[in-house]
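Q: compute the structure for the input listed below.
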Amino acid sequence: MGSAGILVTLDIALRGAGIALLLIVAAATLRQARGRPAAWLGALLAVGAAAYAVCSSPGPHDPPVWFAPVLMLCTGNAAIFWLFAQAMFDDSFKLRPWHALVWLGLVVWPLAHLLGAGFTSHWLLGVLVRSAVILLALLALVQTVRGWSSDLVEGRRRLRLFILVAVALHIAVTVTVELVLGSAPVPMALHLLNSGSLAAIAAIIAVLLLQADLDSVLGPASLPPASVSESPASPTPALPAGGAAPEDEPADPALLATLDRLMSVDRLYRQEGLTIGVLAGRLGLPEYRLRRAINRGLGYRNFNEYLNRQRLADAKQALADPDQAEVPILTIALDSGFQSLGPFNRAFKADTGMTPTEYRKAAEGRNGT
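A: Residues are numbered from 1 along each chain as shown. The predicted model follows:
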C-alpha cells in the first residue's frame with residue numbers, strides 16, 4: 001500500500017472513530033432529555049456533526065437521492081448549533097415554530113440541488129447559504145460568550161470555553177482553506193487534518209460528558225415561572241434545584257448565612273454594578289467558591305437571576321406597602337436595584353404575570369384600601 005493509500009485508510013479510520021463517538025454522545029445526551037430542549041438539540045447537533053464527517057469525506061461528490069437525509073442533517077447543523085447555544089446558555093429560551101423555518105432555509109438549497117433542480121446552479125444562492133451558515137455560527141458564539149461572567153454552573157462554563165475555542169478554530173481553518181485553494185481539489189493531507197480534528201473534538205466531548213453532571217449542566221426538565229417569596233430574606237428560593245450539589249459536596253452553611261445577611265439585612269443587591277467578582281472580593285473568597293455556593297446551595301444557575309430575585313421581592317414588598325402607595329413605580333424600581341424601568345417591568349411581569357401597577361392595585365384590594 002502506497003503513502004496515498006495509507007492516508008486514505010487513516011482518514012477513514014479517524015472519521016469512523018469520530019462518527020462513533022459522536023453517536024455515543026448523542027445517545028448519552030438523549031437519555032437525559034426529559035423535556036429539556038438543550039438535550040434534544042445537543043443530541044441532534046452530535047448527529048449532525050457525524051453527518052458532516054460523512055459529507056466532508058474525500059471522493060466523488062455526486063451522492064444518490066437516498067443520501068438526502070444525511071445531507072439535510074449536515075447542512076442544517078449550523079441552525080441546530082445556533083439553537084443549541086441559546087437553549088444551553090439562556091435558561092429562559094423556548095423553542096418556537098419559526099425556528100424550524102431557519103433550519104429548512106438552510107437545507108432547501110442543497111436538497112434541491114441533489115434532486116436536480118436547475119435554479120440551484122445560480123452562484124448567488126450558494127453565497128447566501130454560506131453567508132447564513134457563517135452568520136448563525138457567529139450568533140451562536142455571541143450567545144456562548146454572553147452571560148459567561150454571571151454563569152454559576154461550573155460544567156456549563158467549561159462548555160462555553162470549549163465551544164468558543166473549537167468553533168473559532170474550525171471557522172478560521174475553513175475560511176483559510178477556501179481562500180488559499182479556491183476551487184482547487186483539497187489535498188488528502190487537509191482531509192486527514194479535518195478528520196483528525198473532528199475525532200479529537202468528539203473525544204473531548206465524550207470525556208467532558210463522562211465527567212459532567214448533566215442534570216446540573218442541562219438544568220431542570222422544565223422551567224415554569226418560579227414564585228418568589230415576599231421577603232428577600234429567605235436564603236432558599238422557590239426554584240427548581242437544577243444546579244443542586246452532589247451529596248458529597250454540600251454548600252458551606254456559614255457562607256450561605258453570610259450571603260443571606262448581606263442580601264436581607266444589608267440589601268447589597270441594591271448596589272450598582274454588583275458582580276459576582278465584586279461580591280466575592282467583599283467576602284474574601286475566590287469566585288469559584290461563591291459560584292458553587294449560590295448554585296449548589298441556593299439552586300440558582302445565573303448570578304443576575306439571583307440578584308433579580310432579591311430585587312423583585314424588595315419591589316413587591318414596597319408595592320404592597322400602604323405607606324408607599326404614592327411612591328412612583330420608577331422610584332421603587334431604582335431603589336430595588338434595577339437600573340431602569342423597562343427591565344424592571346419585564347422581569348416583574350415574567351415573574352408575577354402582572355404589571356407593577358396591577359400588582360399594587362391587587363395589594364390595595366387585599367388591604368382594603
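Q: what number of residues lie near Pro97?
A: Neighbour count for Pro97, taken as other CB atoms under 10 Å: 6. All C-beta atoms are positioned from the backbone trio N, CA, C, and that covers glycine.
Q: look up how far Leu83 lies from it.
A: 13 Å (CB to CB, to the nearest Å).
Q: kindly report the same for Gly337.
A: Taken as CB to CB, the span from Gly337 to Leu83 is 32 Å.
Q: buried ones in stretch 257-272?
A: Leu259, Asp260, Leu262, Met263, Ser264, Arg267, Leu268, Tyr269, Arg270 (16 or more other CB atoms under 10 Å).
Q: so between Gly337 and Leu83, which is more surrounded?
A: Using other CB under 10 Å as the criterion, Gly337 and Leu83 rank with Leu83 on top: 26 against 21.
Q: residues contacting Leu307?
A: Tyr269, Leu274, Gly337 (CB atoms under 8 Å, 6 or more residues apart in numbering).
Q: could you look up the SS state of the second one?
A: Looking back up the chat, that one is Leu274. Under DSSP: H, G, I helix; E, B strand; the rest coil, Leu274 falls in the coil class.
Q: report how many residues lie close to Thr331.
A: By other CB under 10 Å, the residues close to Thr331 number 12.
Q: identify each buried residue in the helix or strand where it lies, please.
A: Using DSSP states H and E, Thr331 maps to helix 329-336. Neighbour-count burial for helix 329-336 flags Ile329, Ile332, Ala333, Leu334, Asp335, Ser336 (criterion: 16+ other CB under 10 Å).
Q: give me the contacts around it.
A: With contact meaning CB under 8 Å, 6+ apart, helix 329-336 is reached by 269-270, 311-312, 314-315, 318-319, 324, 340-341, 344-345, 356-357, 360.
Q: check stretch 159-172 too.
A: Contacts for stretch 159-172 (CB under 8 Å, 6+ apart): 81, 85, 88-89, 134, 137, 140-141, 144-145, 148, 151, 197, 201, 204-205, 208, 217.
Q: low-confidence ranges in the stretch 201-350 of the chain?
A: Along the stretch 201-350 of the chain, segments meeting pLDDT under 70 span 207-216, 218-250.
Q: hmm, 90 instead?
A: 201-254, 272-273, 288, 296-297, 299, 325 (pLDDT under 90).
Q: in it, which spans are helices?
A: 214-218, 253-264, 276-283, 287-292, 298, 303-320, 329-336, 341-352 (DSSP state H, counting those that start in this stretch).
Q: reformat these as CSV; add distance to Ala51.
A: Output for those, formatted as CSV (distance: least, CB to CB, whole Å):
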stretch, distance to Ala51
helix 214-218, 23
helix 253-264, 46
helix 276-283, 39
helix 287-292, 36
helix 298, 41
helix 303-320, 36
helix 329-336, 49
helix 341-352, 37
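Q: and of those helices, who's closest to Asn367?
A: Asn367 lies closest, by CB to CB, to one member of the helices of the stretch 201-350 of the chain: helix 303-320, at 7.6 Å.
Q: just the buried residues of the contacts of stretch 159-172.
A: Buried among the contacts of stretch 159-172 (16+ other CB under 10 Å): 81, 85, 88-89, 137, 140-141, 144, 151, 197, 201, 205, 217.
Q: closest to Tyr306 out of those residues?
A: Asp151 (11.5 Å).
Q: thought that closest one was touching Arg158?
A: No - with contact defined as CB atoms under 8 Å, Asp151 does not reach Arg158; the gap is 10.2 Å.
Q: among the contacts of stretch 159-172, name the ones in helices.
A: If you go by DSSP state H, the contacts of stretch 159-172 have 81, 85, 88-89, 134, 137, 140-141, 144-145, 197, 201, 204-205, 208, 217 in helices.
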